[in-house]
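Colleague: Give the three-dimensional model of this entry:
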Amino acid sequence: MSRLRATALFAAAGIALAGVATLPAFASHPVEVGGAPMYPTKNIIENAVNSADHTTLVAAVKAAGLVETLSGDGPFTVFAPVNAAFAALPEGTVDSLLKPEAKAQLTHVLTYHVVAGKHSAEEIAAKIKADGGKATLTTVSGDTLTATAAGDKVMLTDENGNTATVTIADVNQSNGVIHVIDTVLLPAM
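Modeller: Here you go, the predicted model:
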């Protein structure tokens, strides 16, 4: 087992014990993700590199060459899969995507988790309600995600029918917002 996978498994155990946050999550102090405070004065990359739950995502963003983009002005809404979500992919998937020759495919997968603009969980929930229970979100990759509600949680369904739950909502950043999710979403390829 690679060190990256072992780290992901330990992070998954930690998130399972931490429980699941509900929508919307507003606090007067920084929200903690992966054991680290996420400061709204820092950008997406500056915060993500400190989350123990997002080491695989950060490695993928670096491999895809998206650090500069996600450090830029934005605003961006990022649906950020935890390490356990990457570990749940078929064996070898992450290693294959991190190879230089897979950069275009990796970029497509990562930009599928980003929507232009800053969209709070409350705004997404309102759009779901206004659109009759399902809202279509167009991602930066040009593909779509379908947002639905399950009680007080936002669910995202990818073009292949895989569903992710927003486990920590409204992690505000200087250039957008992060919503932590429990599944890697995949565009139809």
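Colleague: any idea which helix or strand carries the nearest residue to H119 once chain neighbours are set aside?
Modeller: Counting by CB to CB, 6 or more residues apart in numbering, T77 is the residue found nearest to H119 once chain neighbours are left out, at 4.4 Å. All C-beta atoms are positioned from the backbone trio N, CA, C, and that covers glycine. In the assignment (DSSP states H and E), T77 maps to strand 76-81.
Colleague: packing partners for the helix or strand that that strand is followed by?
Modeller: The first helix or strand that comes after strand 76-81 along the chain, using DSSP H and E, is helix 83-87. Packing partners of helix 83-87 (3 or more CB pairs under 8 Å, 6 or more residues apart in numbering; DSSP states H and E): helix 3-18, helix 55-64.
Colleague: burial count for the residue nearest to L70 when sequence neighbours are not counted?
Modeller: Setting aside the residues directly before and after it, L70 is nearest to I44 in space (CB to CB, 6+ apart), at 4.7 Å. When neighbours are counted by other CB atoms under 10 Å, I44 registers 29.
Colleague: hang on, isn't I44 packed against E68?
Modeller: No: using CB atoms under 8 Å, I44 is not in contact with E68; the gap is 11.5 Å.
Colleague: moving C-terminal of the helix-or-strand element of the chain with minimal mean pLDDT, what's the next helix or strand?
Modeller: Sorting the helices and strands of the chain by mean pLDDT, DSSP states H and E puts helix 3-18 at the bottom, at a mean of 35. Counting by DSSP H and E, the next helix or strand C-terminal to helix 3-18 is strand 31-33.
Colleague: Buried ones in stretch 113-121, by neighbour count?
Modeller: Buried residues in stretch 113-121, counted by 16 or more other CB atoms under 10 Å: 113-115, 119-121.
Colleague: Please convert those to a markdown table, extending it with pLDDT.
Modeller: Formatted as a markdown table, those follow (pLDDT from 0 to 100):
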| residue | pLDDT |
| --- | --- |
| H113 | 97 |
| V114 | 97 |
| V115 | 97 |
| H119 | 97 |
| S120 | 96 |
| A121 | 95 |
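Colleague: Next one: K134 from Y112, what distance?
Modeller: Distance of K134 to Y112, given as CB to CB, to the nearest Å: 18 Å.
Colleague: All set now, cheers.
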